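# How does the following fold in three dimensions:
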Amino acid sequence: MKKIFTLFLLTTAMLSAMAQGGHAPMKFSGKATIEVSGSTVATLESDTVIYAGADVTLPEMRYGNFVIPSFTIHGTQFSMDMSTMTVTFPEQQFQESITVDGVEKTIIGTSLTGSYAHDAYNTFTLKVSFMYGAMPMPLTYSITAYYIKDYTDKLDVSIGGMFNYSADNVTYSVRTYPENGNTLLDVTVPSYELEGTPLGNLTIGSYTVKGLAMDDQQGGYYRDYVGDGLTMHFKSVKDGQTGMDGDYVMNEMENNILVVYEGRNIKVTNAFHPGKMPFQIVSTFPGNKETAVETVKVAEQKDAPAYNLAGQRTGAGYKGIVIKGGKKYFLR
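Numbering: from 1, shown residues only. All right, here's what the predicted structure looks like:
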C-alpha cells in the first residue's frame, strides 16, 4: 500500500509539472503512419516524439519526394484524470511556423487528438492532421509510442577477462512495449571511452538491441544478437596513432545482452565482439540512478500559479481542487 501511495504522489507531481510545463522532455518511440487523402503513404516501424509540458515535438516525416522537417506544436490543450493518471488531448486546432533554408513555412493544424496513459508501458498516442506550406491537401500523422526510460551510472568493462576499466556517467535508454501478448525491451547501449587499455584509448560507439524477451533461464530480459547485423563504431588511439577506426559488424562471434530489473533499477550485462576481434568485451551496468517518469520532482514554489485538474490556470476566488507548486490543495 505504501508503494502504491508513493507512486500516486510521484505521478501527481509529474502531472502537475505537465500543467506548469516544468518537467524534463519525455521521449516516446513506436510505430507511426502517414496518410494522405485517407491512404497510407508511409509506415514507420520506429519513430520518436518528444513531450514536454504542453508542447509536442514531431519527428521529420518523409514520403515519396516530400520531406517535412521536425517541428513543435506549442501550448496544446489537455485534461488530466487523477483517478487513472491519464492525460487526454481533446480535438483541437493549431498553427505553427518553421524556417527551412531561410524560407518561413506555415503549418496549419486542422486536428490534433491524443493521450498519455500511466500504464505499464507509459503509452503515448497522437493523431495530427495538418497542412504544410503549399501542400494541396492535409497530411495525417498517427503514432502509438512507449516511453523511453533513461538510467545513468558508472559502467564496468572487462576486456578479454584480464583487463578491467570503468566509465562514469553513462546512460542506457530502455523502451518497454507490448507485442503479441508479450512484454519486450529495446535497449540503447551508450557510447563511452576507456583509457589506457592494451590497445590504447578506446572509443566504443552506441547501438540499439531490439526485442529482448523474458528468459527464465537467464533470469531477465535477454537477446542473443548474433546475426542481427548490428554495427558499432570502434576506435583505438595509442601513442598518438590511430589503429582501428570504423564501423564493425557484430555478427560473427558471441554477442548477447541481459537486462535484470532490481526494483526500479536495472542491471545490464552486455558481452560482445566488435568484428573479428578475438577477445570478448563484457560491460556491466549497475543502473542505480534512474531518470524516469516516476522520479520527476517539482520544486515547491511559494508564488507558483494554481491549476485545476483540467490543466487550466485558476484565478483568485477559485474553489475546489488545485495543483500548486507540485502539491494538491482543496480550496474552499
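# Following element in sequence after whichever strand or helix holds residue 48, please.
Using DSSP states H and E, residue 48 maps to strand 39-52. Using DSSP H and E, the helix or strand that follows strand 39-52 in sequence is strand 55-58.
# Show residues contacting that next one.
If you take C-beta atoms under 8 Å, 6 or more residues apart in numbering as the criterion, strand 55-58 is touched by 21, 25, 49-51, 70-76, 114, 126, 128, 141. Glycine gets a C-beta too; all of them are placed from N, C-alpha and C.
# Contact partners for residue 234?
So residue 234 contacts 202-205, 244-248, 274-275 (C-beta under 8 Å, 6+ apart).
# Quick check: of those residues, which lies closest to residue 223?
Residue 223 lies nearest to residue 274 out of the contacts of residue 234, by C-beta to C-beta, at 17.6 Å.
# can you confirm that closest one is in a helix?
No - counting by DSSP: H, G, I helix; E, B strand; the rest coil, residue 274 is located in no helix; its state is coil.
# Contact partners for it?
Residues in contact with residue 274 (C-beta under 8 Å, 6+ apart) are 204, 232, 234, 248, 250, 281.
# Please repeat the previous calculation with a cut-off of 10 Å.
The contact partners of residue 274, by C-beta atoms under 10 Å, 6 or more residues apart in numbering, come to 202, 204-205, 231-234, 244, 246-250, 252-253, 255, 280-281.
# any idea how far residue 44 is from it?
According to C-beta to C-beta, to the nearest Å, residue 274 stands 29 Å off from residue 44.
# ok, back up a step: filter the contacts of residue 234 down to the ones in strands?
The strands, defined by DSSP state E, take in 202-204, 244-248 from the contacts of residue 234.
# which pair in the residues you listed spans the largest distance?
Once C-beta to C-beta is applied, the ones in strands among the contacts of residue 234 give 202 and 247 as the farthest pair, at 14.8 Å.
# Just want to know which of these two has more residues nearby.
Counted by other C-beta atoms under 10 Å, residue 202 and residue 247 do not tie: residue 202 has more neighbours, with 25 against 12.
# And the residue nearest to the more buried one when sequence neighbours are not counted, its phi and psi?
Of all residues not flanking residue 202 in the chain, residue 194 sits nearest, at 4.5 Å (C-beta to C-beta, 6 or more residues apart in numbering). Per-residue torsions, residue 194: phi -120, psi 130 (degrees, to the nearest 10).
# swap in residue 64?
Torsion angles, degrees, to the nearest 10, at residue 64: phi 60, psi -130.
# Quick check: the gap between the closest residue to residue 251 other than its chain neighbours and residue 205.
The shortest distance from residue 251 to any residue other than its chain neighbours is 5.2 Å, reached at residue 227 (C-beta to C-beta, 6+ apart). As for residue 227, its distance to residue 205 is 20 Å (criterion: C-beta to C-beta).
# Which one's more surrounded, these two?
It is residue 205, of residue 227 and residue 205, that has more neighbours when counted by other C-beta under 10 Å, with 16 against 11.
# For that one, list the residues it contacts.
189-192, 231-235, 247-248, 274.
# In PyMOL, how would I pick out whichever of those are buried, leaving the exposed ones unselected?
PyMOL command restricting these to the buried ones, with burial defined by 16 or more other C-beta atoms under 10 Å:
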select buried, resi 189+190+192+231+232+233+234+235+248+274
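# could I get the contacts of residue 205 as CSV with pLDDT?
CSV is the format used below for those (pLDDT from 0 to 100):
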residue, pLDDT
189, 96
190, 95
191, 96
192, 95
231, 93
232, 93
233, 94
234, 92
235, 93
247, 94
248, 90
274, 84
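# Take the contacts of residue 205 and keep only those in strands.
189, 192, 231-235, 247-248.
# if we take those residues, which one ends up nearest to residue 156?
Distance to residue 156, by C-beta to C-beta, is smallest for residue 192 among those, at 11.0 Å.
# any idea how far residue 143 is from the residue lying closest to that closest one once chain neighbours are set aside?
Of all residues not flanking residue 192 in the chain, residue 167 sits nearest, at 4.0 Å (C-beta to C-beta, 6+ apart). Distance, residue 167 to residue 143, by C-beta to C-beta: 34 Å.
# Show me which of the two is the more surrounded one.
Ranked by neighbour count (other C-beta under 10 Å), residue 167 and residue 143 place residue 143 first, with 23 against 19.
# For that one, pull up the helix or strand it's in.
Using DSSP H and E, residue 143 falls in strand 139-159.
# That strand versus strand 39-52: what angle between them?
Inter-element angle recorded for strand 139-159 and strand 39-52: 60 degrees (by axes from the mean of the first three to the mean of the last three C-alpha atoms, to 10 degrees).
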